[in-house]
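Peer 1: test case, fold it:
(2 chains)
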Amino acid sequence: QKEVEQNSGPLSVPEGAIASLNCTYSDRGSQSFFWYRQYSGKSPELIMFIYSNGDKEDGRFTAQLNKASQYVSLLIRDSQPSDSATYLCAVRSSNYQLIWGAGTKLIIKP
Amino acid sequence: DGGITQSPKYLFRKEGQNVTLSCEQNLNHDAMYWYRQDPGQGLRLIYYSQIVNDFQKGDIAEGYSVSREKKESFPLTVTSAQKNPTAFYLCASRYRDNQPQHFGDGTRLSIL
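Peer 2: Numbers count the residues shown, from 1 in each chain, chains lettered A, B, ... in the order given. Sure thing, here's the model as predicted:
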């Protein structure tokens, strides 16, 4: 059974600090990795995605892949209260199924 | 504006009733998906469709049915066989196999 695991949190981070969210996956052949943000009562929105060939930076967000240890990270620099949400990780496994983590709740404290 | 439209936003089901949730997209996406999300939980896949007139069961298909007669539309019927239908239902679509899924705003279904 292919799995994606996230710490459910809540992860509490002071405003202006770096928030670091992790997601581990079991399928070594996974090729694509997606991060979504979900505000309470709303639908998930895509933040960024990376392929197995490299990391990506987009504004305050950076996604990093560690293939050897089979985890993907999302770093949020200069955290803002508006970043408080649940962050969902999704991984496309080697059989093209998209496997979802249960999400990490992030709280940014002013 | 291109996007994914789900309707209605809120839906109430009576005992023994079938209800249909609408999902329409004008993004020219090939694949469409239905997920269920229970409070404090992750997403669980109900059904998905990669092309018109074809669809596959996801992890929790029992008590649900779908159709894909047009590329733009993927309605979900919650049948009376689904004994615990109260949840947040999310429709998603994606363009190509390695591209991300994008979501509609969701439908919240409750039992009367």
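Peer 1: let me see the ranges of the strands in the chain.
Peer 2: In the absence of a named chain, chain A is used. The residue ranges that make up the strands of chain A, judged by DSSP state E, are A:4-5, A:11-14, A:19-25, A:32-38, A:45-51, A:56-58, A:61-66, A:71-76, A:85-92, A:98-100, A:104-109.
Peer 1: to clarify, I was referring to chain B.
Peer 2: Counting by DSSP E, residue ranges of the strands within chain B are B:4-7, B:10-13, B:19-25, B:31-37, B:43-51, B:54-57, B:64-66, B:76-78, B:87-94, B:102-103, B:107-111.
Peer 1: how about TSV for the ones you listed, with mean neighbour count added?
Peer 2: Every C-beta, even on glycine, is put in place using the N, C-alpha and C of the backbone. Listed next are those as TSV, based on neighbours: other Cβ atoms under 10 Å in any protein chain shown:
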stretch	mean neighbour count
strand B:4-7	18
strand B:10-13	14
strand B:19-25	19
strand B:31-37	23
strand B:43-51	20
strand B:54-57	13
strand B:64-66	20
strand B:76-78	20
strand B:87-94	23
strand B:102-103	22
strand B:107-111	16
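Peer 1: kindly reformat those as a markdown table containing mean pLDDT and distance to chain A.
Peer 2: Conversion of the strands of chain B to a markdown table gives the following (pLDDT from 0 to 100; distance: least, Cβ to the nearest Cβ, whole Å):
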| stretch | mean pLDDT | distance to chain A |
| --- | --- | --- |
| strand B:4-7 | 98 | 8 |
| strand B:10-13 | 94 | 12 |
| strand B:19-25 | 98 | 12 |
| strand B:31-37 | 97 | 8 |
| strand B:43-51 | 96 | 5 |
| strand B:54-57 | 96 | 11 |
| strand B:64-66 | 98 | 17 |
| strand B:76-78 | 97 | 15 |
| strand B:87-94 | 97 | 6 |
| strand B:102-103 | 97 | 4 |
| strand B:107-111 | 95 | 9 |
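Peer 1: can you tell which of those is closest to A:Leu46?
Peer 2: Nearest of the strands of chain B to A:Leu46, taken as Cβ to Cβ: strand B:102-103 at 6.5 Å.
Peer 1: partners of the closest one, with directions?
Peer 2: Strand B:102-103 pairs in its sheet with strand B:87-94 (antiparallel), by DSSP bridges.
Peer 1: let me see the residues that make contact with the partner strand.
Peer 2: A:43-44, B:4, B:6, B:21, B:23, B:25, B:27, B:29-38, B:43, B:46, B:74, B:76, B:78, B:100-104, B:106-109 (Cβ atoms under 8 Å, 6 or more residues apart in numbering or on different chains).
Peer 1: so what's the residue count around A:Phe33?
Peer 2: 25 (other Cβ atoms under 10 Å in any protein chain shown).
Peer 1: perfect, I'm done here.
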